[in-house]
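1. quick check, what structure comes out for this input:
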Amino acid sequence: MKTIGKYFIFLGQLFVRRETFSTYFHLVMEECIQIGINSIFLVALVATFMGAVTTVQTAYNLVSPLIPNYIIATVVRDMTILELAPTIIGIIYAGKVGSSMAGGLGTMRITEQIDALEVMGINSASYLVLPKIIASLLMYPMLVILAGVLSILGGAMAGTVTGIITPADYKYGIQYIFVEYMVEFALIKSYVFAFLIASISSFKGYYTTGGALEVGKASTRAVTDSIIAILIADYLLAEMLLTS
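-> This next block holds a predicted model:
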């Protein structure tokens, strides 16, 4: 409970003694490049193979002749939008971006760069962390959209190459009984996950104490805690938004 309370106090510090808009704008743009642009290749690679594997495994399990082939594409679509794109990519995002945030802030803390900012009268939490959270909120939903599209395309390629499903059946299955709310739900999850990953990772890095060894430990804890938070939030959001 002490850590949770410290975390919420940390979030409150982000909005006091803020810098100018132009300062935040440049910082957010730099973070967007680090968080979003530099993650595109990994997200695209994981998403494409994720869709391909889902298609192959779904086809392997649908052995009944009473089930039409286009259901394979429907299953891939629903799994991708509801769970694979926002949640699995979130875990990848926590491992890549979250550890980087924690490691960077931890290094700044042990080398007294954060203390130097405080001496100059700058709110170091707001100056260093708020741009990371804003950039995460801007870029992660875009990565989720990209992952969803590439996952579905990866499934189509795998189905066509292996002969599991024809392109016409796959296209029909993608459109079959499509519920638009699934996309809204996925985007809601992406914003929640983006905030949790950026804020928890920054919190762990900001309060690092000790030396270089503790920076590595802080990065590990940041990834672990972010993944746990993602899984808990995933269940709670599904409970609130899908079953209500």
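2. what's the closest non-adjacent residue to the residue most central in space within the chain?
-> The centre of the chain sits closest to Gly90, judged by Cα atoms, centre = their mean, with a distance of 3.1 Å. Distances taken as Cβ to Cβ, 6 or more residues apart in numbering put Phe193 closest to Gly90, at 4.3 Å, once the chain neighbours are dropped. In short, each C-beta sits where N, CA and C put it, glycine included.
3. what do you get for Gly159?
-> Ile165 (4.0 Å).
4. Phe49 sits in which helix or strand?
-> Following DSSP states H and E, one finds Phe49 within helix 40-61.
5. outside of the helix or strand that comes right after that helix, which residues touch it?
-> With elements assigned by DSSP H and E, the helix or strand that comes after helix 40-61 is helix 70-79. Residues from elsewhere that reach helix 70-79 (Cβ atoms under 8 Å, 6 or more residues apart in numbering): 51, 54-55, 58-59, 62, 151-152, 155-156, 159, 164-165, 169-174, 176-178, 182.
6. okay, Ser244: pLDDT?
-> For Ser244, the pLDDT comes out at 57.
7. do the same with Ile177
-> pLDDT, read off for Ile177, is 84.
8. and it, what element?
-> Per DSSP H and E, there is no helix or strand for Ile177.
9. quick one: it from Ile67, how far?
-> 15 Å (Cβ to Cβ, to the nearest Å).
10. so which of those two has more stuff around it?
-> Shown here are Ile177 and Ile67; by other Cβ atoms under 10 Å, Ile67 has more neighbours (11 against 8).
11. mind pulling up the phi and psi values for the more buried one?
-> Dihedral angles phi and psi of Ile67 (degrees, to the nearest 10) take the values phi -100, psi 120.
12. doesn't Ala218 make contact with Met101?
-> No: Met101 lies out of contact with Ala218 (Cβ atoms under 8 Å); the separation is 10.2 Å.
13. quick check: neighbours shared by these two?
-> Gly205.
14. which of the two has more neighbours?
-> Applying other Cβ under 10 Å to Met101 and Ala218 shows that Met101 carries more neighbours, namely 31 against 27.
15. Ile122 in helix, strand or coil?
-> coil (DSSP: H, G, I helix; E, B strand; the rest coil).
16. and it, how many neighbours?
-> As a burial measure, Ile122 scores 16 neighbours (other Cβ under 10 Å).
17. so what's it closest to, chain neighbours aside?
-> Ile122 sits nearest to Glu19 (Cβ to Cβ, 6+ apart), 7.4 Å away.
18. can you read off the backbone torsions of Val16?
-> Dihedral angles for Val16 - degrees, to the nearest 10 - are phi -120, psi 150.
19. residue contacts, it?
-> Contact partners of Val16, counting by Cβ under 8 Å, 6+ apart, are Asn123, Ser126.
20. which helices and strands does the helix or strand hosting Leu237 pack with?
-> Using DSSP H and E, the element containing Leu237 is helix 212-241. Contacts defined by 3 or more Cβ pairs under 8 Å, 6 or more residues apart in numbering; DSSP states H and E place helix 212-241 against helix 89-93, helix 99-110, helix 181-206.
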